[in-house]
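**Q** Pasting the sequence and the predicted model now:
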Amino acid sequence: MIPDVTPLPIGSSPASLEAEARALHAAVAAADPDAARQVRKYHPEWRQRPDETPGAAFSLAGARLVVARHHGFEDGAALLRHVAALAASDALVGPFEAAVEAIVAGDLAALSSLLARTPALIRARSTRAHQATLLHYVGANGVEDYRQKSPANAVDIANLLLEAGAEVDAVASMYGRDTTLGLVATSIHPLVSGVQIPLIDTLLAHGAAMPAALVNGCLANGRQAAAEHLAARGAPLDLEGAAGVGRLDVVRGFFHRDGTLQAGATPEQMASALAWACEFGRSEVVEFLLRHGMAVDARLRHHGQTGLHWAAYGARAAVVQVLLRQHAPVDARDATFGTTPLGWALHAWRDPPFGTGRDAYPGVVALLVAAGARVEPAWLAAEDDPLMQAALRATAPG
C-alpha cells in the first residue's frame, strides 16, 4: 500500500523524486486503491474519469506527472528546476520554502529570523504553478495538500507578514485570481482551528478588499459563519448572497413592488438564492421567494436538487416545514445521484456538514416520512440508531 505522495523535503534530489514516481507506478500496476486515488486526483486525464481505475497500462511518465502535480508543479521538468534551485545557495527558493514551513508549523521565531536575514522573501513568490506569496499560505487553501494547515497562532503569523510589508491583496493562481482573504474565508482549516474570523478581521484591518463574489464563495464552500461575518463587515451582497446570509431586507431590494425582479438580478440568481436560503435555514427568505414566483419544485444548481434536498441535507427543520406546506415534492430525485431529500438527510446524518449536529437529523427525517417520503427497506435494515429507526418508522398521514 502506498500512502499519499510525501511532502517535498528541502533536500530533495532528482533521484528521490524518481524513486517516488517508480513506487507510485508499481503500486498502480499492483492495483493498490490508494495509488489509484492519487492518480485520479492529480493526473489531468484521469481526473475526468473518476469511476475508472488505472492499471498495468499506466505509464511511468504518468506517475512522474502525478508526483509533480501533487507537489504543485505543472510537470516533472518544473519540479526538477525547483529542486535545482533549492540547491543553489544564492537563490531565494530555499529560504522561501523554509519560511513556508515555518508558517504552516506556526513557528513565529523561525519565520521572523528568516525575514530578518532575507527581507526580499516578503514579496517573493513560490516557483509552483500557483505562484503564492508567503501570505497566501496563511489561507491554507489551494496550496500543497500537506501544507494546508492553520496553526493556533495563525493571526500572529499573518500580522508578522503584513507588518513586514506583505501585500494584503496580492493575487495568486490557486483557483483563478485568489487573494489571501478569499482563501481564508472559504477554507475549512482556519475554521476548524478557530482562527478564521480573527484572520478575516486581521486582513480587513490591513486594508484587504472585499470583492463582489466573496460572500457567495463562502456560501458555495459551506462557510456560513464567514459569509455572515463578511456581510456584517460590509461585503457586497447580490440576491443570492443576501439570501444565503438571511438578509431579507436586502433580498427585498432586488424586487419591484409588483414582485418582478429589478434590473441586475436574474432568474438564475433567484434560483441560487432559494438554494442558499434552504441550505442555511433562512425560512423567512424561503417564504418570500416562493411568494415572489420561485417554484417550490424548481431544480437548483448543477445536480438538479430541489430546495427540499438542501433543507434536508442541512437539517433545517423550519425550512422543511415551509416547503412541505407549499407541497414540495417529497420524493423528487436529484439529477446526478438519483436520491430523494430523505436520502440526502440520511447521508448527511452520517457525515454532517461542519457545524451541524447529528441530533438535528432524526426530527427532519420524521417530518419527511410523515409527509409521505418513501423509506427504502435497506435503510431500515442498515440503521441501528434507535432515534433514527424511530424517525424512519414515523407514520405517514392517511
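**A** Received the coordinates, thanks. Numbers count the residues shown, from 1 in each chain.

**Q** And the helices in the stretch 201-350 of the chain?
**A** 214-220, 224-232, 239-244, 248-252, 267-279, 283-291, 307-313, 317-325, 341-350 (DSSP state H, counting those that start in this stretch).

**Q** List the buried residues for the second one?
**A** Of all the residues in helix 224-232, those buried under the rule 16 or more other C-beta atoms under 10 Å are 224, 226, 227, 228, 229, 230, 231. Where C-beta positions appear, they are placed from N, C-alpha and C, glycine not excepted.

**Q** outside of the lowest-mean-pLDDT helix or strand in the chain, which residues touch it?
**A** Ranking every helix and strand in the chain by mean pLDDT, DSSP states H and E puts helix 377-382 at the bottom, with a mean of 80. The contact list for helix 377-382 (C-beta atoms under 8 Å, 6 or more residues apart in numbering) reads 346, 389, 392, 393.

**Q** Neighbours of the second one, how many?
**A** Just to be clear, that refers to residue 389. Applying other C-beta atoms under 10 Å, we find 13 residues neighbouring residue 389.

**Q** Now it: phi and psi?
**A** The phi and psi values for residue 389, taken as degrees, to the nearest 10, are phi -60, psi -50.

**Q** cool, and the last one?
**A** Main-chain torsions, residue 393, degrees, to the nearest 10: phi -100, psi 10.

**Q** okay, residue 362: pLDDT?
**A** On pLDDT, residue 362 comes in at 91.

**Q** cool, and the one 4 residues further on?
**A** For residue 366, the model assigns a pLDDT of 93.

**Q** so it touches residue 394, yeah?
**A** Yes - counting by C-beta atoms under 8 Å, residue 366 does reach residue 394; the two are 4.4 Å apart.

**Q** In terms of neighbours, single out the busier of those two.
**A** residue 366 (20 against 16).

**Q** how about the more buried one, secondary structure?
**A** With DSSP: H, G, I helix; E, B strand; the rest coil as the basis, residue 366 sits in helix.

**Q** Enumerate every residue touching it.
**A** 390, 391, 394.

**Q** which one of those is nearest residue 137?
**A** residue 391 (44.2 Å; C-beta to C-beta).

**Q** So which elements touch the host helix or strand of the closest one?
**A** Using DSSP states H and E, residue 391 sits in helix 386-392. Counting contacts by 3 or more C-beta pairs under 8 Å, 6 or more residues apart in numbering; DSSP states H and E, helix 386-392 packs against helix 361-370, helix 377-382.

**Q** If we use 10 Å, what do you get?
**A** helix 341-350, helix 361-370, helix 377-382 (3 or more C-beta pairs under 10 Å, 6 or more residues apart in numbering; DSSP states H and E).

**Q** quick one: common contacting residues for residue 366 and residue 394?
**A** Each of residue 373 lies in contact with both residue 366 and residue 394 under the rule C-beta atoms under 10 Å, 6 or more residues apart in numbering.

**Q** neighbours of residue 183, just the number please.
**A** Close neighbours of residue 183, defined as other C-beta under 10 Å, add up to 28.

**Q** Can you report how many residues neighbour the residue nearest to it when sequence neighbours are not counted?
**A** Nearest non-adjacent residue to residue 183, counting by C-beta to C-beta, 6 or more residues apart in numbering: residue 139, 2.7 Å away. By other C-beta under 10 Å, the residues close to residue 139 number 29.

**Q** wait, doesn't residue 48 sit right on residue 39?
**A** No - if you go by C-beta atoms under 10 Å, residue 48 and residue 39 don't touch, sitting 12.0 Å apart.

**Q** okay, the two: which has more neighbours?
**A** residue 39 (24 against 9).

**Q** Quick check: residue 116 touching residue 95?
**A** No - using C-beta under 10 Å, residue 116 is not in contact with residue 95, being 11.3 Å away.

**Q** sorry, back to before: what residues sit buried inside the least confident helix or strand of the chain?
**A** By neighbour count with 16+ other C-beta under 10 Å, helix 377-382 contains the buried residues residue 379.

**Q** how about low-confidence regions in the stretch 151-300 of the chain?
**A** Regions of the stretch 151-300 of the chain meeting the criterion pLDDT under 70 are absent.

**Q** check contacts around residue 177.
**A** 171, 211.

**Q** where's it relative to residue 276, distance?
**A** Counting by C-beta to C-beta, to the nearest Å, the gap from residue 177 to residue 276 is 23 Å.

**Q** Repeat that for residue 69.
**A** Distance from residue 69 to residue 276, by C-beta to C-beta: 33 Å.

**Q** neighbour count winner among those two?
**A** Set side by side, residue 69 and residue 276 show more neighbours around residue 276, with 30 against 21, by other C-beta under 10 Å.

**Q** Tell me if I'm right that the more buried one and residue 247 touch.
**A** No - using C-beta under 10 Å, residue 276 is not in contact with residue 247; the gap is 11.1 Å.

**Q** joint contacts of the two?
**A** 215, 241, 282, 285.

**Q** which non-adjacent residue is nearest the third one?
**A** This means residue 282. residue 246 is the one closest to residue 282 (C-beta to C-beta, 6+ apart), at 4.3 Å.

**Q** who touches residue 289 in this structure?
**A** By C-beta under 10 Å, 6+ apart, the neighbours of residue 289 are 239, 243, 248, 251, 255, 270-271, 273-274, 277-278, 282, 295-296, 298, 307.

**Q** Please, a ChimeraX command that selects the buried ones among these?
**A** Of the contacts of residue 289, the buried ones can be selected in ChimeraX as follows, counting by 16+ other C-beta under 10 Å:
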select :239,243,248,251,255,270,271,273,274,277,278,282,296,298,307
